[in-house]
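1. any chance you can model this:
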Amino acid sequence: MYFFILGVLALAHTISPAMNRIFPENFPNKQYQLLFTQGSGDSKEEIVNYEFDTRDLVCLVLSGVVGVWYLLKKHWIANNLFGLAFALNGVELLHLNNVGTGCILLGGLFVYDIFWVFGTNVMVTVAKSFEAPIKLVFPQDLLEKGLAANNFAMLGLGDIVIPGIFIALLLRFDISLKKNSHTYFYTSFLAYIFGLALTIFVMHTFKHAQPALLYLVPACIGFPLLVALVKGEITEMFRYEEKPRTDKDEQEKKED
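-> As a prediction, the model looks like this:
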């Protein structure tokens with residue numbers, strides 16, 4: 001139930017921008033506000049103040065349908081929809097402030113992932129036995145059984161979110177250079193695809209579960225650093241530090 005509620009909210013938030021483009025301009029869109037306060041008079045304190053509209057409610061209903069489908073059938077498509085929603089929200093909510101911190105984080109998790117996959121069977125056992133959308137599953141017998149496929153390869157959401165927040169940091173670094181190019185973002189994004197493809201290849205070759213970060217971390221760090229070295233921007237990359245967001249910044253983002 002916990003993952004059902006969080007999954008519905010995460011999926012509604014994820015599909016909302018796309019759905020807003022689909023709705024016709026004459027769609028009757030009304031504004032609502034959910035306000036919950038504590039105390040009264042001068043001591044009144046806001047606990048919840050959430051604004052939403054009719055379009056958000058439609059997204060919530062659609063996500064609720066997917067949630068009921070997942071709750072009743074545990075179908076792999078519903079699992080992946082929730083998993084992708086969790087991953088996208090994770091990349092949106094979590095931020096790295098500089099490349100050095102990102103390298104330390106990815107380096108630590110690189111060792112962590114290798115130990116828990118090759119050193120013990122804990123990671124694989126939990127991933128296979130825990131019934132929750134904490135992973136993406138890819139049916140290996142899709143051509144044979146169609147949507148009823150039941151033989152899956154798995155990718156943990158951490159293998160998406162952790163490299164994802166590093167790639168998002170490089171996108172912000174690209175923007176800070178003010179060169180109207182996203183060189184480091186595209187480099188790291190393609191590096192992620194390469195690392196993931198290499199993971200799948202090794203897994204199928206050796207018929208054994210693989211720690212995805214073993215291949216993703218060197219690719220996502222190594223390729224952008226190599227590009228920065230060639231372009232002579234390695235110093236600027238490691239000096240770049242994102243300033244914490246202020247209330248004014250959040251307000252300008254909402255207005256945009």
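2. so how far is K178 from the residue lying farthest from the centre of the chain?
-> Within the chain, the residue lying farthest from the chain centre (Cα atoms, centre = their mean) is G41, at 41.8 Å. In this view, G41 and K178 are 50 Å apart by Cβ to Cβ, to the nearest Å. Just so you know, the C-beta spots here come from the backbone N, C-alpha and C atoms, and that holds for glycine as well.
3. now swap in L213 and tell me
-> For L213, the distance to K178 (Cβ to Cβ) stands at 32 Å.
4. more neighbours: which of these two?
-> A side-by-side neighbour count of L213 and K178, using other Cβ atoms under 10 Å, places L213 first with 25 against 7.
5. mind checking how far the more buried one is from L84?
-> L213 is 19 Å from L84, by Cβ to Cβ.
6. cool, and M154?
-> Plainly put, M154 is 14 Å away from L84 if you go by Cβ to Cβ.
7. contact partners for V48?
-> 34-36 (Cβ atoms under 8 Å, 6 or more residues apart in numbering).
8. kindly recompute the last result at 6 Å.
-> F36 (Cβ atoms under 6 Å, 6 or more residues apart in numbering).
9. over to L88?
-> Residues near L88 by Cβ under 6 Å, 6+ apart: T14.
10. tell me the secondary structure at K243.
-> Recorded secondary structure, K243: coil (DSSP: H, G, I helix; E, B strand; the rest coil).
11. that one: how many residues sit nearby?
-> 7.
12. gap between it and H95?
-> With the distance defined as Cβ to Cβ, K243 ends up 11 Å from H95.
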